[in-house]
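J.: sequence first, then the predicted structure:
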Amino acid sequence: MSSIEMKKGCIIYYGNPAGYVKKNIATIDEMFRSKEFEKWLSEKGLKTIWKDGVFEKLSSGKKIAELNKDIEPLKNVRIWQLRSNSDFDLRFISYDEVLKGFGEPDKENYELVYDGEIESNDLESIYTKFNLNHPIGFTGHSLSMSDVVELYDSTGSEFHYVDRFGFKKINFEAQDLTKDMNTSM
């Protein structure tokens, strides 16, 4: 048995799920980076992305089951929260209440309070992370109803309104980040 092997799209490094392959790109947890591993990946002709949190995601079991299907790499996360000068009545209300009183959430009422990578694409996990263990660079309040979570990669963005129970996928265009990124980070 080799110390590094690939099974159903998952790369196993000394018995540990270290990464996965999609479209000839290997996404590998940074903690497994070694000359031996880099050589193996090069010999396989794989382009490599080293990223924190991949092992945790694969180890959860859910991701391993997904490897039998199409693999979805980790996306980046942006958190949008209402600007301090936005209508106070927009704060902490459900999606249905926003629709009734104001129409679709308006990107002009929001500012970017986080842009980065975390270890999950799961919205519930993101909610927990931004309530219990704020990542470095997060400048907002704990994630609450009326906030917007954006998951994005090179193929585009999807936006989710934090609702009373769970999330509501919404149409919400990204703002010009150079203008709206909170400069206090």
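T.: Cool, the structure landed. The shown structure was predicted, so the numbers you read here are calculated from the model rather than taken from an experiment.

J.: quick one: the strands in this protein, in order.
T.: With DSSP state E, the ranges of strands along the chain come out as 4-7, 10-13, 16-22, 25-29, 47-51, 76-82, 110-117, 148-153, 156-162, 167-170.

J.: now these as JSON lines including mean pLDDT?
T.: Supplementary listing: these in JSON lines, determined by pLDDT from 0 to 100:
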{"stretch": "strand 4-7", "mean pLDDT": "88"}
{"stretch": "strand 10-13", "mean pLDDT": "88"}
{"stretch": "strand 16-22", "mean pLDDT": "88"}
{"stretch": "strand 25-29", "mean pLDDT": "92"}
{"stretch": "strand 47-51", "mean pLDDT": "92"}
{"stretch": "strand 76-82", "mean pLDDT": "96"}
{"stretch": "strand 110-117", "mean pLDDT": "94"}
{"stretch": "strand 148-153", "mean pLDDT": "94"}
{"stretch": "strand 156-162", "mean pLDDT": "95"}
{"stretch": "strand 167-170", "mean pLDDT": "95"}
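
J.: mind checking which of the ones you listed is nearest Trp40?
T.: For these, proximity to Trp40 was assessed by CB to CB; strand 4-7 is nearest, at 4.7 Å. In this view, the C-beta of every residue, glycine as well, is placed from N, C-alpha and C.

J.: and that closest one, what does it pack against?
T.: Judged by 3 or more CB pairs under 8 Å, 6 or more residues apart in numbering; DSSP states H and E, the packing partners of strand 4-7 are strand 10-13, helix 35-43.

J.: out of those, which is the most enclosed?
T.: Greatest average neighbour count among those goes to strand 10-13 (a mean of 20), per mean count of other CB atoms under 10 Å.

J.: that strand: partners in the sheet, and parallel or antiparallel?
T.: Based on DSSP bridges, the strands next to strand 10-13 in the sheet, each with its direction, are strand 4-7 (antiparallel), strand 16-22 (antiparallel).

J.: closest to Pro135 out of the strands of the chain?
T.: Closest approach to Pro135 among the strands of the chain (CB to CB): strand 110-117, 6.4 Å.

J.: before I go, just wanted to say thanks for your time.
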